[in-house]
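Participant: sharing a model that was predicted from the sequence below.
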Amino acid sequence: MQKSVRFNEGHALFLSVVARKEGTKRGYLSKKTTENSRWHEKFFALYQNVFFYFENEQSVRPAGIYLLEGCTCESVPVPKVSTAGKETLDKQHYFLIVFGHDGQKPLELRTEEENECDEWVEAIQQASYSDIIIEREVLMQKYIHLVQIVETEKVAANQLRTQLEDQDTEIERLKGEIVALNKTNERMWPYHVNQEDEDPDIKKIKKVQSFMRGWLCRRKWKLIVQDYICSPHAESMRKRNQIVFNMVEAETEYVHQLSILVNCFLRPLRMAASSKKPPISHDDVSSVFLNSETIMFLHEIFHQGLKARIANWPTLVLADLFDILLPMLNIYQEFVRNHQYSLQVLANCKQNRDFDKLLKQYEANAACEGRMLETFLTYPMFQIPRYIITLHELLAHTPHEHVERKSLEFAKSKLEELSRVMHDEVSDTENIRKNLAIERMIVEGCDILLDTSQTFVRQGSLIQLPSVERGKLSKVRLGSLSLKKEGERQCFLFTKHFLICTRSSGGKLHLLKVSGVLSLIECTLIEETETTKSSGGQVFGQLDFKLIIEPSDSPSFTVVLLAPSRQEKAAWTSDISQCIDNIRCNGLMTSVFEENSKVTVPHMIKSDMRLHKDDVDICFSKTLNSCKVPQIRYASVERLLERLTDLRFLSIDFLNTFLHTYRIFTTAAVVMDKLADIYKKPFTSIPVRSLELFFATNQNNRSGDHINDKSPRLCRKFSGPLSISSRTSSPVRTRKLSLHSPISARVGGLDLTNINSIPSSFSQSAVSSPSSAQTPTFHTPSPQTPTTTSPPPTSSSPPPGVQSGENSRCSVSPASAFAIATAAAGHGSPPAHTLIVLLSPPVFNNSERTCDKEFIIRRAATNRVLNVLRHWVSKHSQDFEMNSELKMGVICLLEEILRDPDLLPQERKATANILRYTQTCRHGQTHLRIEDILQMVECPRSECFESLSAMELAEQITLLDHIVFRSIPYEEFLGQGWMKVDKSERTPYIMKTSQHFNDMSNLVASQIMTHTDVGSRANSIEKWVAVADICRCLNNYNGVLEITSALNRSAIYRLKKTWAKVCKQTKALMDKLQKTVSSEGRFKNLRETLKNCNPPSVPYLGMYLTDLAFIEEGTPNFTEEGLVNFSKMRMISHIIREIRQFQQTPYRIEHQPKVTQYLLDKTLIMDEDTLYDLSLKIEPRLPA
C-alpha cells in the first residue's frame, strides 16, 4: 500500500525558475510565520496558479510553494498595537490569502506601498481561477438546460413525425374522394348550364357573400378567444403563473437571507475562531451554523434553475427541479434537529463579552437590516412548510391532465413526509425547552426540571395565604393590598412536582425556602378548606384550596393558595388532582406487577407494542404525550374511547383534546354510555388488551383458578348494602383500597415502589403479637362510625417468617401493603393487631391474590370514571349548561355510584363533590352578562363623549369586549360554522362578537365625524388614540384593533387637514399600536405580545378564526379509511385552550352604566356611505 505522495522535485524546480524569470508578479513581501508570529521578508514569484517564495532574489531553490486554485485574497486592516510602533505599522499594507481546502491556515503578507498591495491582491485573485470556476458552473447549468431542450425537441420531433404520417394518410384519402367527385361531375356535365356568361350582379352578390362569410368567421374566433380569456381555466392558469412568480421572488429573498447568514456571520466568525485570542471556538461555530453553508449552496443552484426556467417562459417546467431538490433536502432534517441546541450554544457564547461585542458589530451591518443572528438561524426552519404550501396552491390551479400534475403531487408527498419526520423530532424537545426556560428563570436553579420525564402542565399567579395557626387561618381581607403584594406567587405545575416562586422587581424568580418545591406524591389536595366551610365562602369567595404535604423525612405542613376566580380554581384543582391520581395509579399498578415480576410498569407499557405499533384502526406519531406513550395520529372512534378509559394511564393532553373535539366524531351520549359501562361492568367493557397487563403474572400458579363469569365482582349490584356474613372471612374481601390517599413512609402511608420502606412501627407490632397471626380477625368499619378495638397482649417472640428491624422484608404483597396504608389514611391509625393480621404471611394464597387484583381493577375503573367526569364537569361545564339530558345522565351516574356499598370513603367524597358541582355550577355564576348590560341601553342617555375620560372609556370598552368574548362557547369554534350560510344559527355568539367589533369601530368613526371644525376632530382623534393605548395597557388588543381600524377608514384617513392638526406624539403612538395589531405575518407581533402577557386579556378573535379555518381547510376530519384525524383534533384543541385561557380570567373592573350606555347607543352610529358623504362635505376632493 502506498503510504506517501510522490513529488516530482525536478518539475517543481523548473517551474520555480520559470516563475522567477517570467512570473506574472515578482517582488519582495513580508511573510508572517505561524510559529512565533514574526515577519520575515521573502522574495515571491507568481506563475499561473503556483506561488513560490525564496529566501532572496538570488536563491536557486524555492523555500515554499502554494497552490492558489480556489483561494480568496483580500486586503485586511492594520492590526492594533501599542502607540510606540503605530507610525511604523501605518506605512505597511496587509493582505490575506485564504485557501479553499480544509487544514490549510491563511497566509498573511504585507507590503510598504498601497498600489503594490492592490496589484498583488488582483494578481493572486486572477491566479485562483475563481472566474473560471464560476463560468464552469454557469456552463454546466446551460449544458443541463440544453440537454433538457434537446430531449424536449426529440419528443416534439416524434410527435411531428407521427402527425406527418397521419396527414399523408389523410391526403391519400382526400385524393380518392376528389377522383370520385371528378367522375361524378363528368357524368353531370351535360346537365350544367354554361356559366361563362354569368351576370355581373351575380358576381357582386357572391363577392359580398364571401366578405360576409370571412367577417362572421373572424368574429366567431374573436368570441372564442374572449370566452377562453374569461374562462375558469384561463383564470386558473393566470393564478398558477402568479404563484410561480411569487415562488421565484420568495426563493430570491431566501437565498439573500442565507447569503447574509453565511457571509456576515458564519465566515467572519470562522476567521475569528482562528485568531490568536478567539472569542468563540471552531466547535461552537460548527454547532451554531450546522449545514448553513451547504443549504445556501443547494438553494443557489435551485434558484439559478428557477431563473433559467422563467427566462424560457412560457414553456415552464418545474417538476424536474423539485426532483433534483428532493434528495438533497435531508440536510434540513439535521439542521432542524440541531436548531434548539444551536440557539442554546449561541446563548452561552453571548455570555462572553468579547463575543457579544463582536456579534453586535456583525448585526449592525446594513445588510442585516437590524435583524439578529437568531432570526437568520430561524429562516430555514420554515422553508419546507413554505414549499408544501406553494405546491398545494400550485396543484389547486393545475388541471388533472397537466403534464406536471403527477410530478408535483409526488414532490408534495415527499415534502410532507419529510415535514412530518422533522415535526416529530422537534416536538420531542418542546417539553424540555419549556422546562429549561423555566429553570433559567429561577435564580437558585431547580434540579427536578432537568428530568426529561417531567412534563409541564400549567402556570399562573396565585396568592399564598398566611401560615396556619392552631388549625385556623388568620382573618385577612381578600382585597387588601398587602395580601396581594406579599402573598402573590408564581406557580408552576408539572406532572410530578409543584413549584411556588416569588418574583423580584427585576423579573427573576426565587423558590420559597420551605414550600418552594412540592412533590405531588406527598401532597393531598383539599378543595374546600375549613375557612370556606365555616364561613360559607364569604371570607375568600370560595377561591381558596389547600395542599397538605407529608414528607417522609420532615414534619407535615400545609400550603393554602387563593385563585383569582372560580374558573381558575377549578382549572388548578382539576390539573393537580389529575397529576396526583396519575402518580398514585402508577404506584398501584407497580404494586400489582412486583408480585411475580421484576419488570416495572413504565417498561411494561413501553413493551406493549399495541401502544406503539400502527394497526388498521389506529396510527401513532413519534411524539410522546405526558404518559410517555406515542401520540395518536389517526384512530377509530372505538379506539379513542378505549384510550379514554384505559386503566394504565390518563394523559391530560389527550383528555383535553378529546373533550374539546369529541362532537366532531361522536356524541356526548356515546361517551356517557362508555363511562357507565366501564364503571358497572369493568371486566366486560374494558378491552382485553388493557386487562392483560393487570394479569401479567405467573400463569402456572393460577392454572386452577378461573374467573367466574357470574361472580359479584364482575358486575356491580346496588340492591342494598351487602352484609358482612355473606362474604368470606378472608381479609382480602374486606380490604379497602384508595387511589386518593397520600403515599408516604409514615404510619398512615406507604411507598409502593419500595417494599423495604415499611415503617418499623409495623414490624414492631408484628413482633409484639404472634398469636393473632394464627387467628385473623378483621372488622370493616363504616366510613361514618369507625370502630376501635382493644390492644392484644404483647409477646417478645416473633412469629415465623417475620423478621424485626428496619431492613426486614415481609412476604406480604405490595397491594396488601397499599391496603394497610389506605385503610389507615381513611379511618385513622389502625390497631396493632389489625396490622399484624394483614402482614401475616400464612393468610394469603394465590386465589386470594387474584381476587385482590380484581378488586384493584374495580377500584381503578371507578377512579378512572371519576377522573374523567371531574375533568369534564369542572373544565367543560358549558357542555352541561347547554345539554340538560347530558347533565341528567351525569347526575344519575354519580347518584348510582354513591349507592355502591363497596365505595371507598375517598371515592364517595369525590363523587359527592362532583355531583354538588354539577348541580350548582350554573347557579354559582355571578359574572355580569351582556344581556344585563343591553337592558340598560333602553334608558335615556345622559352622558356625552366630552364628559367621559379616556380611562373610563378604555376600562368599559375592555369590560364589554371581555364579556362578549367570554360568552362564546367553545363548540362554536368547531366546523367553521361562522363561514356557513346559516352562520347566525350555528355560531350566534361569534356573530355577536363580530357585530360588537363593527359597532364599536363605527361608533369611533361616527363620533369623530360629528364635529364640524378641524380642531375638535383632531382632539377626538387624540383622545381615541389615548383610549387605544390604555386598552393596550389593559391587554385589550381587540379594543386596540377596534379603534385603529376606525381611524384607518377611508372617510377619516382622507381628512388631511384634520390629521395635520394631530400632534406628532399621537401619530407616533398610533403607528406603534398599528404595528402591534398588524395582520402582517399572520399577526406575528400580536401573537408575540399575547405570548408574553399574563391574563386577563382580550385577544383579537379573527386571528384564531383564521388559524382554525386554515386547519379545517388544510386537513380533513377523517382519513380515506374512516379514521379520525386526531392530529387535527390536537391542533384545534390547542387553539381552543388558548382562547379559553383568556376567557376564564375575568377583569376586576367595576361596571359604570353611564359609560356603557354611551358605548352601546346605536343611535350614534352612521353607516359607511353616510360617513364618506360627510367626509366629502368636510373636505371636498381637490380638482384634478
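Facilitator: Cool, the structure landed.
Participant: please, where are all the helices along the stretch 1-150 of the chain?
Facilitator: In the stretch 1-150 of the chain, the helices defined using DSSP state H, counting those that start in this stretch lie at 9-22, 86-90, 114-127, 130-188.
Participant: out of the ones you listed, which one sits most buried?
Facilitator: helix 114-127 (a mean of 17; mean count of other Cβ atoms under 10 Å). Bear in mind the C-beta positions are built from the backbone N, C-alpha and C, glycine included.
Participant: contacts only, for the residue nearest to residue 55 when sequence neighbours are not counted.
Facilitator: Leaving out its chain neighbours, the residue that sits closest to residue 55 by Cβ to Cβ, 6 or more residues apart in numbering is residue 63, at 5.6 Å. Listed by Cβ atoms under 8 Å, 6 or more residues apart in numbering, the contact partners of residue 63 are 42, 53, 54, 55.
Participant: filter these down to just the ones in strands.
Facilitator: Among the contacts of residue 63, DSSP state E puts 42, 53, 54 in strands.
Participant: which PyMOL command selects the buried ones in the residues you listed?
Facilitator: To isolate the buried members of these in PyMOL, using 16 or more other Cβ atoms under 10 Å:
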select buried, resi 42+53+54
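Participant: residue 896: which of the ones in strands among the contacts of residue 63 is nearest?
Facilitator: Nearest to residue 896 among those is residue 53, at 97.2 Å by Cβ to Cβ.
Participant: measure that closest one to residue 33 for me?
Facilitator: According to Cβ to Cβ, to the nearest Å, residue 53 stands 12 Å off from residue 33.
Participant: and residue 919, by the same measure?
Facilitator: Noted for residue 919: a distance of 90 Å to residue 33, by Cβ to Cβ.
Participant: so which bits of stretch 656-675 are buried?
Facilitator: Buried residues in stretch 656-675, counted by 16+ other Cβ under 10 Å: 656-662, 664-666, 668, 671-672, 674-675.
Participant: I should have written stretch 889-902 there, sorry.
Facilitator: Those would be 889, 890, 893, 894, 897, 900, 902, for stretch 889-902 by 16+ other Cβ under 10 Å.
Participant: what of stretch 1015-1034?
Facilitator: Residues of stretch 1015-1034 classed as buried: 1017-1032, 1034 (neighbour count, 16+ other Cβ under 10 Å).
Participant: helices of the stretch 851-1000 of the chain, residue ranges please.
Facilitator: Going by DSSP H, counting those that start in this stretch, the stretch 851-1000 of the chain shows helices at 878-881, 884-898, 905-920, 930-936, 950-966, 983-986, 988-1009.
Participant: brain fart, the stretch 451-600 of the chain
Facilitator: 481-487, 530-535, 566-593.
Participant: flag every buried residue along stretch 1090-1099.
Facilitator: For stretch 1090-1099, burial by neighbour count (16+ other Cβ under 10 Å) applies to 1090, 1095, 1096, 1097, 1098, 1099.
Participant: ok, which stretches of the stretch 251-400 of the chain are strands?
Facilitator: With DSSP state E, counting those that start in this stretch applied, the stretch 251-400 of the chain shows no strands anywhere along its length.
Participant: any regions of it where pLDDT drops low?
Facilitator: For the stretch 251-400 of the chain, the stretches with pLDDT under 70 are 313-316.
Participant: do you know how far residue 246 is from residue 325?
Facilitator: 18 Å.
Participant: tell me which of those two has more neighbours.
Facilitator: Legend: neighbour count by other Cβ atoms under 10 Å for residue 246 and residue 325, higher for residue 325 (18 against 12).
Participant: for the more buried one, give me its contacts.
Facilitator: Residues near residue 325 by Cβ under 8 Å, 6+ apart: 298, 302.
Participant: can we start the residue count at 124 from this point?
Facilitator: Happy to do that; since the first residue is 124 now, the last one works out to residue 448.
Participant: gap between it and residue 984?
Facilitator: Counting by Cβ to Cβ, the gap from residue 448 to residue 984 is 54 Å.
Participant: and if you look at residue 1067?
Facilitator: Between residue 1067 and residue 984 the distance is 65 Å, computed by Cβ to Cβ.
Participant: looking at those two, which is more packed in?
Facilitator: Remark: of residue 1067 and residue 984, residue 984 carries more neighbours, 23 against 10, as counted by other Cβ under 10 Å.
Participant: run through the stretch 1174-1307 of the chain and note the low-pLDDT ranges.
Facilitator: 1307.
Participant: again, only using 80
Facilitator: 1215-1218, 1237, 1267-1268, 1305-1307 (pLDDT under 80).
Participant: now do the helices in it.
Facilitator: Under DSSP H, counting those that start in this stretch, the stretch 1174-1307 of the chain gives helices at 1179-1184, 1187-1199, 1203-1215, 1224-1237, 1249-1266, 1276-1282, 1291-1301.
Participant: burial-wise, tell me which of those helices comes out on top.
Facilitator: helix 1249-1266 (a mean of 20).
Participant: alpha carbons only: can I get that helix in CSV?
Facilitator: Output of helix 1249-1266 as CSV, limited to C-alpha atoms (Å, rounded to 0.1, in the frame of the first residue of the first chain):
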residue,chain,number,x,y,z
PHE,A,1249,-56.7,13.1,15.8
SER,A,1250,-53.6,15.2,15.0
LYS,A,1251,-56.0,17.8,13.6
MET,A,1252,-58.1,17.5,16.7
ARG,A,1253,-55.0,18.2,18.8
MET,A,1254,-54.2,21.3,16.8
ILE,A,1255,-57.8,22.6,17.2
SER,A,1256,-57.8,21.8,20.9
HIS,A,1257,-54.5,23.7,21.3
ILE,A,1258,-56.2,26.9,19.8
ILE,A,1259,-59.3,26.4,21.9
ARG,A,1260,-57.3,26.0,25.1
GLU,A,1261,-55.5,29.3,24.3
ILE,A,1262,-58.8,31.0,23.7
ARG,A,1263,-60.4,29.6,26.9
GLN,A,1264,-57.3,30.7,28.9
PHE,A,1265,-58.2,34.3,28.1
GLN,A,1266,-62.0,33.6,28.6
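Participant: helices or strands up against that helix?
Facilitator: Other helices and strands packing on helix 1249-1266, by 3 or more Cβ pairs under 8 Å, 6 or more residues apart in numbering; DSSP states H and E, are strand 753-758, helix 775-788, helix 1073-1089, helix 1224-1237.
Participant: got the angle between that helix and strand 753-758?
Facilitator: If you take axes from the mean of the first three to the mean of the last three Cα atoms, to 10 degrees, helix 1249-1266 sits at 110 degrees to strand 753-758.
Participant: that concludes my questions; thank you for your assistance.
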